[in-house]
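Enquirer: sharing a model that was predicted from the sequence below.
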Amino acid sequence: MKRPWENISKREWLDWRWQMRNRIWTLPRLARLLGVPVKNLAVLRSVVESHPFLITPYYWSLMNEGESDDPLRRQCFPDARELEHLPDDFDDPLGETTQSPVPGLIHRYPDRCLVLITNRCATYCRHCNRRRLWNQPAFSLSPKRIQALVEYVSSDRNIREVILSGGDPLILGDEVIDHLLGTFRSVSHVEVLRIGSRVPVVLPMRITGSLCRVLKRHRPLWLMTQFNHPREVTPESAGACERLLEAGVPVSNQSVLLRGINDSFETMRDLVHGLQRISVRPYYLFQCEPVKGTAHFRVDIFRGIDISEKLWKTTAGICLPRYVVDRPGSPGKVPLQPCSVLLVS
């Protein structure tokens, strides 16, 4: 089958706005790209009505799209199993809506808060813990809403860090990002800014020179991204991370442990080694949260502990992510690891 976008110029392919305009988001187009009749995907109609899908051409190009179990395909293709809900699954497993003192801000920990910049992403990850936002009307922060957020942050001097998240903040334009970072930086007791974004993985051409100049102006600024599989570590994503590092923006990685995608020692070893090669710190390995529609991704905790222990025994400490679970009401991420006792004679 002829690969899609074969006739696209390199200039277009490397234009992040072209990538955004040409994302795959309808079942008929998905069927055409897969070379199957659209009726074969009819079972997915109910899924996408409640939880839409979006895939950038770049990320599609990394897949073995003919393989239903391809680990990259499974992260972004709609799946009929998303309609299966377990009794202990929730739309909002971390209780974020109950910890939102003003619209668009989540304040779970005393010294930091998270601002939801948008509810849209470049590519929708099917395991996302905020998938409840996908079917809501698109939003971004209005001046009035930004003012309310800044007033809240200004009123609480315990807040030393503001995290811009969503959705994905980096799908917005440079001027918008510059304004938001500058606005929160202007609060005297805010010491550090952080951005959570999967753009380096699914849309690396978004990390342009002009964006990096914007981010550099607002240091100290940290970027947290999410590589989940070693095949996502490509020359393009490596280049995006290199541009961020050259701008003085450290890049750390927060993987999610996902069944059939990265739940083996060999896959996680190759991933963390690949991240070290591109100077991205493996920071967290998250246990997949009990979000409605994600049960087919979840891995038994003891399997995750076993993988973590094998990594600890066989690779350098700088490559080791902390295996953790996030829980509402917890004072921090809860580490999941075997107990170690040092016997001193």
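Expert: Looks like it arrived, so ask away. These numbers come from a predicted model, not from an experiment.

Enquirer: correct me, but residue 152 touches residue 100?
Expert: No. Residue 152 is beyond contact range of residue 100, at 10.2 Å (criterion: Cβ atoms under 8 Å). In short, each C-beta sits where N, CA and C put it, glycine included.

Enquirer: what residues of the one helix or strand residue 17 maps to count as buried?
Expert: Counting by DSSP states H and E, the element that carries residue 17 is helix 16-21. Neighbour-count burial for helix 16-21, counted by 16 or more other Cβ atoms under 10 Å, picks out 16, 18-20.

Enquirer: ok, and what's touching it?
Expert: Residues from elsewhere that reach helix 16-21, judged by Cβ atoms under 8 Å, 6 or more residues apart in numbering: 8, 12-13, 56-58, 122, 171, 203, 205-206, 208.

Enquirer: still on that earlier bit, kindly reformat the buried residues of helix 16-21 as a markdown table containing pLDDT.
Expert: Shown next, in a markdown table, are the buried residues of helix 16-21 (pLDDT from 0 to 100):
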| residue | pLDDT |
| --- | --- |
| 16 | 98 |
| 18 | 98 |
| 19 | 98 |
| 20 | 98 |
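
Enquirer: so which of the residues you listed comes closest to residue 267?
Expert: Using Cβ to Cβ, residue 19 is the member of the buried residues of helix 16-21 that sits closest to residue 267, with 26.6 Å.

Enquirer: and for that closest one, nearest residue in space, chain neighbours not counted?
Expert: Spatially, and ignoring its direct neighbours in sequence, residue 19 is nearest to residue 56 (4.9 Å; Cβ to Cβ, 6 or more residues apart in numbering).

Enquirer: got a list of what that neighbour touches?
Expert: Contacts of residue 56 (Cβ under 8 Å, 6+ apart): 19-20, 23, 122-123, 202-203.

Enquirer: what about residue 9, how many neighbours?
Expert: Counted with other Cβ atoms under 10 Å, residues neighbouring residue 9 total 9.

Enquirer: could you verify that residue 286 is part of a strand?
Expert: Yes. Applying DSSP: H, G, I helix; E, B strand; the rest coil, one finds residue 286 inside a strand.

Enquirer: need the pLDDT of the residue nearest to it when sequence neighbours are not counted.
Expert: Once flanking residues are discounted, residue 286 sits nearest to residue 256: 4.8 Å by Cβ to Cβ, 6+ apart. With respect to pLDDT, residue 256 scores 98.

Enquirer: in a markdown table: the contacts of helix 16-21, plus pLDDT and distance to residue 80.
Expert: Listed next are the contacts of helix 16-21 as a markdown table, based on pLDDT from 0 to 100; distance: Cβ to Cβ, whole Å:
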| residue | pLDDT | distance to residue 80 |
| --- | --- | --- |
| 8 | 92 | 32 |
| 12 | 96 | 34 |
| 13 | 97 | 32 |
| 56 | 98 | 23 |
| 57 | 97 | 25 |
| 58 | 98 | 26 |
| 122 | 98 | 24 |
| 171 | 97 | 28 |
| 203 | 98 | 27 |
| 205 | 98 | 32 |
| 206 | 98 | 31 |
| 208 | 98 | 38 |
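
Enquirer: how much space between residue 238 and residue 250?
Expert: Distance of residue 238 to residue 250, given as Cβ to Cβ, to the nearest Å: 15 Å.

Enquirer: low-confidence stretches in the chain?
Expert: Scanning the chain for pLDDT under 70 picks out 1-3, 339-345.

Enquirer: between which two of the contacts of helix 16-21 is the distance greatest?
Expert: Of all the pairs that the contacts of helix 16-21 form, the one spanning the most space (Cβ to Cβ) is 8 and 171, at 20.2 Å.

Enquirer: for the residue nearest to the spatial centre of the chain, give me its contacts.
Expert: Geometric centre of the chain, nearest residue: residue 198, 4.3 Å, by Cα atoms, centre = their mean. Residues counted as contacts of residue 198 (Cβ under 8 Å, 6+ apart) are 121-123, 125, 168, 225-226.

Enquirer: let's see that with 10 Å instead.
Expert: 59, 121-125, 128, 168, 170, 224-228, 232, 254 (Cβ atoms under 10 Å, 6 or more residues apart in numbering).

Enquirer: assumed residue 102 was part of a helix.
Expert: No. Applying three-state DSSP, one finds residue 102 to be coil, outside a helix.

Enquirer: distance check, residue 336 against residue 330.
Expert: To residue 330, residue 336 is 12 Å away according to Cβ to Cβ.

Enquirer: looking only at neighbour counts, state which of those two leads.
Expert: Taking neighbours as other Cβ under 10 Å, residue 336 and residue 330 compare with residue 336 leading, 18 against 13.

Enquirer: contacting residues for the residue nearest to that one when sequence neighbours are not counted?
Expert: Excluding the flanking residues, the one nearest residue 336 by Cβ to Cβ, 6+ apart is residue 323, at 4.8 Å. Neighbouring residues of residue 323 by Cβ under 10 Å, 6+ apart: 255, 257, 268, 284-287, 301, 304-305, 307-309, 311-312, 333-337.

Enquirer: what about the strands in the chain?
Expert: 105-109, 112-116, 161-165, 192-196, 221-225, 251-257, 281-287, 322-325, 334-335 (DSSP state E).

Enquirer: do you know which of those lies nearest residue 141?
Expert: The nearest among the strands of the chain, by Cβ to Cβ, is strand 112-116 at 7.9 Å.

Enquirer: how about the closest one as PDB, C-alpha atoms only?
Expert: What follows is strand 112-116, C-alpha atoms only, in PDB (Å, rounded to 0.1, in the frame of the first residue of the first chain):
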ATOM      1  CA  ARG A 112       2.700  24.200  43.400                       C
ATOM      2  CA  CYS A 113      -0.300  24.400  41.200                       C
ATOM      3  CA  LEU A 114      -1.300  23.300  37.800                       C
ATOM      4  CA  VAL A 115      -3.000  25.500  35.200                       C
ATOM      5  CA  LEU A 116      -5.100  23.900  32.400                       C
END
